[in-house]
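> Need a 3D model of the following:
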Amino acid sequence: MTAADKLKADLPVAMAMAAFVGISWYIAVELNLRLFLIFKRKRGLYFWSCCICSWGIIVHPLCMVLYDFGVLKQPWLGIVLVYLTWWIMVVPQAVVLYSRLHLIIWNRKHLRYVLYMIIFTVVFVSIPTMILGSFAQAGGNPTMVRINSVWDRIQVSIFFVEETIISILYVIETRRRLENLQTLGERSNNICKVMHHLMYTNLLVIFLDITLLGLSYSTHFYIQAAYKPCVYGLKLRVEFSILNRLISSLQNSTHIFSTTPSSTQHLPAHTSESKKAGWRALKPAEVMLDTLSEPSAARSR
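As a prediction, the model looks like this:
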């Protein structure tokens, strides 16, 4: 009996996989609709990293199901598709978190270190994962399979640490902004609600990563593989909640966030005057016009 036949015979596992895949597809389709209907200017690091990650959430479970259940008759084709779509889903998620850091962190050095960390994981973690996993699953060598099993847990842990570091940086800087804004005594209740929402959503992202990490160290390989796209879809959906609160905070107060020359290339509004000015308050109208579509902006007001 092949692995595909054993999986088909295990009805609880197959049903759990189907449930997670269905949730992943639902979230990804909704994300794509929001991306192309809400965003007025379809460009920039944040927009395209969200797009690529959402596409990976759609195609990775599809390729995984086709390969695991023996629909794809060419093993190498299935393995390549599974790992390629895995890369498309996992790597852009960190880029989404990185691009959002420009809204709250203005230290070029800190942002550069985060970028170096992402590049390191791409080159020394994701690429070896694709190569080692492909040879282990295609060859069936017991030694390679054991090595790949250990490495798979290591790479999940590394990506968990990477995304946790970025999320913690965001929470720390958000907390710092909250304390500064409270000293101003201006709309303190509203500011607290906004900042607390941003911190709680980042903590939710960390919690989702912890559940994925715990499942990766268990023996439920197929459930973990199907659960991962669901987690990445939920985390990406949370990103939209964070973005909406950031825009809402900019509407309510012009003093919540400011831009610097280091972050203007990633923020929605940037002009030649703003680049020369250095520190300045970002006008809510600029964010709404450049980030969201006009109907959405009108409704939010």
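> So what's the residue count around K193?
Each residue near K193 was counted by other C-beta atoms under 10 Å, and the total is 14. (Each C-beta comes from the backbone N, C-alpha and C, glycine too.)
> Next: I88.
18.
> If we ignore the residues flanking it in sequence, what's nearest it?
Taking C-beta to C-beta, 6 or more residues apart in numbering, and ignoring the residues beside it in sequence, I88 has G56 as its nearest neighbour in space, at 3.6 Å.
> Tell me which helix or strand the one you found sits in.
In this structure, G56 is located in helix 45-68 according to DSSP states H and E.
> Tell me which other helices or strands that helix touches.
Applying 3 or more C-beta pairs under 8 Å, 6 or more residues apart in numbering; DSSP states H and E, one finds that helix 45-68 contacts helix 3-9, helix 11-38, helix 75-101, helix 221-252.
> what angle do that helix and helix 11-38 make?
150 degrees (axes from the mean of the first three to the mean of the last three C-alpha atoms, to 10 degrees).
> what pLDDT, on average, does helix 45-68 get?
Regarding helix 45-68, the rounded mean pLDDT is 93.
> I'd assumed V90 was in contact with the residue nearest to I88.
Yes. Using C-beta atoms under 8 Å, G56 is in contact with V90, at 7.5 Å.
> Name the residues contacting each of these two.
Residues touching both G56 and V90 (C-beta atoms under 8 Å, 6 or more residues apart in numbering) are Y232.
> What is the longest helix of the chain by residue count?
Within the chain, and with DSSP state H defining each element, the longest helix by residue count is helix 142-184.
> May I see the buried residues of the next helix or strand after that one?
In the C-terminal direction, the helix or strand that comes right after helix 142-184 (DSSP H and E) is helix 188-216. Of the residues in helix 188-216, those buried by neighbour count under the rule 16 or more other C-beta atoms under 10 Å are 191, 194-195, 197-199, 201-202, 205, 208-209, 212-213, 215-216.
> Farthest pair within the residues you listed?
Checking those against each other with C-beta to C-beta, the farthest-apart pair comes out as I191 and S216, at 38.1 Å.
> What degree of burial does Y67 show, as a neighbour count?
Around Y67 sit 20 other residues, with neighbours defined as other C-beta under 10 Å.
> OK, contacts around it?
For Y67, the residues meeting the contact criterion (C-beta under 8 Å, 6+ apart) are 78-79, 81-82.
> just those residues now: which is nearest E162?
With C-beta to C-beta as the yardstick, the closest approach to E162 among the contacts of Y67 comes from V82, at 21.7 Å.
> Against K109, how distant is the nearest residue to that closest one once chain neighbours are set aside?
On the basis of C-beta to C-beta, 6+ apart, the spatially nearest residue to V82 that is not a chain neighbour turns out to be C63, at 5.0 Å. From C63 across to K109, the span is 39 Å (C-beta to C-beta, to the nearest Å).
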